[in-house]
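>>> Return a 3D structure for these sequence lines:
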Amino acid sequence: MEEGRKERVAFLEQHINAARLDKLKKVLAARTRHLTVVLENLYHPENGNAVMRSVECFGLQEMHVIQEMYDWKYSLKIARGAAKWTELHAYGTENGGATACYRSLKERGYQLVATDPQPGSCTAENLDLTKPVALIFGTESTGVAPQTLDMADARIHIPMVGFTESFNISVSAGILLAQLRQRLEREQPHWQLEPADAENLYEDWLLKSVRHADALVRAFEAGQAR
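Residues are numbered from 1 along each chain as shown. The predicted model follows:
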C-alpha cells in the first residue's frame with residue numbers, strides 16, 4: 001500500500017467503530033470478480049434491481065447492464081442499497097452496447113456463459129470454473145439474444161421438474177449464484193480480489209462509511225503537508 005493511502009486509511013479507520021470495521025474487512029475478504037453477471041436488455045427494472053441485490057449478497061463486486069432497448073432504473077427499495085457497494089457498468093447504444101460489453105469481458109479473460117432453459121447445456125454443478133465466468137441473463141420474454149447464444153463460450157440451465165418452463169430472472173440468478181459461489185470457494189484457490197484491487201476497494205468503502213469523509217480527508221492531508 002502506497003504511503004499516502006496507508007495514512008489516509010488509518011485516519012479514516014479512526015472514525016469508524018470496531019464492529020463496522022470488522023464488517024467491512026469480512027465482506028472485503030469474501031469479495032470476488034471471478035464471477036460477474038450481465039443483464040441483457042431487461043424490460044422490468046424491478047427484476048434488474050433484484051438481481052443486483054443478489055449479486056451484492058453473494059459477494060460479486062461488479063455487474064454489467066446492456067440497455068440498448070430499455071433504460072436502467074435503479075430502485076433503492078428493491079436493491080436495498082446494493083449499488084453503493086457494487087460496481088455497475090452500463091452499455092447503451094452510445095458506448096457500444098452489447099458488442100462493447102462482451103468484447104471488454106473477453107479481453108479481461110471471462111468466459112461468456114449464456115443462460116438457456118433448453119436442456120443439454122451445462123448446469124451449475126459442472127460448469128467450468130477454472131476461468132472467470134460472466135453469467136448472461138436475457139430479456140424476460142425471449143431470453144438471451146440469438147447472436148449472444150451463438151457467440152457464448154458455454155450455455156447453462158437450471159434443471160426443473162414441474163410444468164412451468166422457466167423461473168423469473170431474479171430467481172434464476174439467485175439459484176445459480178448460490179450454487180456457483182459455493183463451488184468457487186470450495187474448488188478454486190484464487191477467487192478473491194487481487195491485493196491492489198482490495199486496497200482500492202477498502203479505501204473506497206471507508207470513504208462511503210464516514211460522514212463528510214472528503215472534507216475530513218482534505219483537512220487531514222492539509223495538516224500533514226504543513
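
>>> Dead centre of the chain: give me the residue that sits there.
The centre of the chain sits closest to E62, judged by CA atoms, centre = their mean, with a distance of 2.7 Å.

>>> For that one, give the beta-bridge partners.
E87 (DSSP bridges).

>>> could you measure it against E185, distance?
18 Å (CB to CB, to the nearest Å). Glycine gets a C-beta too; all of them are placed from N, C-alpha and C.

>>> If we ignore the residues flanking it in sequence, what's nearest E13?
L21 (6.1 Å; CB to CB, 6 or more residues apart in numbering).

>>> Output the helix or strand that neighbour falls within as PDB, nothing but the C-alphas.
Assigning secondary structure by DSSP states H and E places L21 in helix 18-29. Output in PDB follows, covering the C-alpha atoms of helix 18-29 (Å, rounded to 0.1, in the frame of the first residue of the first chain):
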ATOM      1  CA  ALA A  18     -14.800  -1.600  15.700                       C
ATOM      2  CA  ALA A  19     -17.900  -3.600  14.800                       C
ATOM      3  CA  ARG A  20     -18.300  -1.700  11.500                       C
ATOM      4  CA  LEU A  21     -14.600  -2.100  10.600                       C
ATOM      5  CA  ASP A  22     -14.800  -5.800  11.300                       C
ATOM      6  CA  LYS A  23     -17.800  -6.000   9.000                       C
ATOM      7  CA  LEU A  24     -16.000  -4.100   6.200                       C
ATOM      8  CA  LYS A  25     -13.000  -6.400   6.400                       C
ATOM      9  CA  LYS A  26     -15.100  -9.600   6.400                       C
ATOM     10  CA  VAL A  27     -17.100  -8.500   3.400                       C
ATOM     11  CA  LEU A  28     -14.000  -7.500   1.600                       C
ATOM     12  CA  ALA A  29     -12.300 -10.800   2.200                       C
END
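
>>> avg pLDDT for it?
On average, the pLDDT along helix 18-29 is 96.

>>> Check which element follows the worst-scoring helix or strand of the chain on mean pLDDT along the chain.
Of all helical and strand segments in the chain, the minimum by mean pLDDT, DSSP states H and E falls on helix 76-79, at a mean of 46. Downstream of helix 76-79, the first helix or strand assigned by DSSP H and E is helix 82-85.

>>> average pLDDT for that next one?
85.

>>> contact partners of that helix?
Outside helix 82-85, the residues within contact range by CB atoms under 8 Å, 6 or more residues apart in numbering are V27, N49, M52, R53, V55, E56, C57, Y74, W205, K208.

>>> Now do the buried residues in that helix.
A82, A83, W85 (16 or more other CB atoms under 10 Å).

>>> just curious, which of these is nearest to C101?
A83 (18.1 Å; CB to CB).

>>> Against K208, how distant is the closest one?
11 Å.

>>> where's L35 relative to E46, distance?
From L35 to E46 the distance is 23 Å (CB to CB).
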